[in-house]
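Enquirer: Structure, please.
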Amino acid sequence: MAYNLKKELSKPERFHPGHRLCAGCAAGIVCRGMMRAVDEKDRAVICNATGCLEVSSFQYPFTAWEDSYIHTAFENASATASGVEAAYRVMKRKGRIPENGEVKILAIGGDGGTYDIGYQSLSGAFERGHDLTYFCYDNNAYMNTGTQRSSATPRFASATTTPAGTDSVGKKQEQKDLTAIMVSHGSPYVAQTTLFGNLKDFHEKAHRAIYTKGPTFVNVLTPCPRGWQYPAENLTEICKAAIDTCVWPLYEVVEGEYRLTYEPAKKLPVEDFMRLQGRFAHCFKPGNEWTIEAAQEYVDRKWEELLIKCG
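Expert: Numbers count the residues shown, from 1 in each chain. Okay, here's the model as predicted:
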């Protein structure tokens with residue numbers, strides 16, 4: 001579906017302002033874009049794992065969501081969405097669902113509730129083949145509970161459980177490649193995107209995922225000003241740096257076929273991304289130059305592997 005900015009901005013909001021997300025947090029923009037990707041004639045049921053988004057967008061009796069919303073535990077957003085999808089199929093078969101439009105089953109969670117705690121139910125939902133779309137707003141740590149590292153936290157990033165110090169340069173391990181793991185489940189559509197410019201890449205992938213039959217997955221790099229330590233107004237700059245350094249490549253996998261959706265005209269060095277964030281400040285101290293070299297080596301290797309997959 002081609003992206004038309006004027007048309008999208010004219011749609012009624014289905015994720016409303018007035019929530020409690022931090023200034024500069026990208027999660028609210030993800031939700032607005034996700035809900036705009038649902039056709040106006042259709043409805044949605046959103047299953048939201050516990051996290052920043054849940055506590056900020058739904059505090060009974062107040063909600064930012066126009067569509068049906070279910071707050072689930074940290075670990076079972078996908079299991080809840082699976083049950084909703086199964087119930088919907090039964091009710092539709094029995095003629096208890098109105099014919100005017102469809103009901104789209106959406107699940108959303110942060111990287112803590114997706115990469116880690118919720119991975120078991122996510123994998124199970126995809127193995128069973130439920131017709132749902134899972135959106136991960138990947139902010140690279142457990143932000144809601146104090147910026148603890150997750151398996152999505154990049155190597156060398158400082159977090160409260162992997163602090164940089166005299167004998168430490170932050171997290172020791174590379175981040176998990178969850179997008180590739182979801183591709184291995186045989187999903188008909190998997191995409192990786194972020195928020196920058198006019199949201200064209202995000203919108204088109206979100207719409208394609210929602211309207212592809214079967215279990216689909218969209219991984220969205222979602223910067224966090226508090227955890228990443230950057231000024232709130234720099235959100236777009238951070239996202240742009242992530243894709244231009246190839247730290248976060250934009251691509252989609254359609255029925256197993258890899259497609260690159262953005263290739264920078266000039267691939268920038270990884271330090272251009274790292275330098276914008278306080279969580280990597282220690283990497284630029286004398287004696288720590290090797291961390292930047294190691295980060296560059298990892299990104300270059302992953303980028304070349306992706307280019308080969310994309311043909």
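Enquirer: Quick one: the helices in the stretch 1-150 of the chain, in order.
Expert: 5-9, 27-36, 52-57, 77-93, 111, 119-128 (DSSP state H, counting those that start in this stretch).
Enquirer: In CSV, list those helices along with mean pLDDT, mean neighbour count and distance to Thr63.
Expert: (Glycine included, C-beta is placed from N, CA and C.) Shown next, in CSV, are these (pLDDT from 0 to 100; neighbours: other CB atoms under 10 Å; distance: least, CB to CB, whole Å):
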stretch, mean pLDDT, mean neighbour count, distance to Thr63
helix 5-9, 78, 11, 22
helix 27-36, 95, 23, 12
helix 52-57, 94, 22, 7
helix 77-93, 96, 19, 17
helix 111, 98, 28, 24
helix 119-128, 98, 18, 23
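Enquirer: Of all those, which one comes closest to Val169?
Expert: The closest of the helices of the stretch 1-150 of the chain to Val169 is helix 111. By CB to CB, the value is 21.1 Å.
Enquirer: chain center to that closest one, what's the gap?
Expert: 8 Å (CA atoms, centre = their mean, to the nearest Å).
Enquirer: what packs against that helix?
Expert: strand 133-138 (3 or more CB pairs under 8 Å, 6 or more residues apart in numbering; DSSP states H and E).
Enquirer: residues touching Ala26, list them.
Expert: By CB atoms under 8 Å, 6 or more residues apart in numbering, the contact set of Ala26 is Tyr137, Asn139, Leu195, Val220, Thr222, Pro223, Cys224, Leu235, Cys239.
Enquirer: Which residue is the nearest non-sequential neighbour of Lys104?
Expert: Among residues not flanking Lys104 along the chain, Ala44 sits closest, at 4.6 Å (CB to CB, 6 or more residues apart in numbering).
Enquirer: Tell me how far that neighbour lies from Asn139.
Expert: 23 Å (CB to CB, to the nearest Å).
Enquirer: Compare neighbour counts for these two and give me the winner.
Expert: Asn139 (31 against 22; other CB atoms under 10 Å).
Enquirer: For the helix or strand containing Val218, give the mean pLDDT please.
Expert: Per DSSP states H and E, Val218 falls inside strand 216-221. In this model, strand 216-221 carries a mean pLDDT of 98.
Enquirer: What lies in contact with the helix or strand that that strand is followed by?
Expert: Using DSSP H and E, the helix or strand that directly follows strand 216-221 along the chain is helix 225-228. Applying CB under 8 Å, 6+ apart, the contact partners of helix 225-228 are 22-25, 139-141, 143, 147, 159, 231-232, 234-235, 238, 277-279.
Enquirer: And the next helix or strand past helix 225-228?
Expert: Counting by DSSP H and E, the next helix or strand C-terminal to helix 225-228 is helix 235-244.
Enquirer: Please point out which parts of that following helix sit buried.
Expert: Leu235, Ile238, Cys239, Lys240, Ala241, Ala242, Ile243, Asp244 (16 or more other CB atoms under 10 Å).
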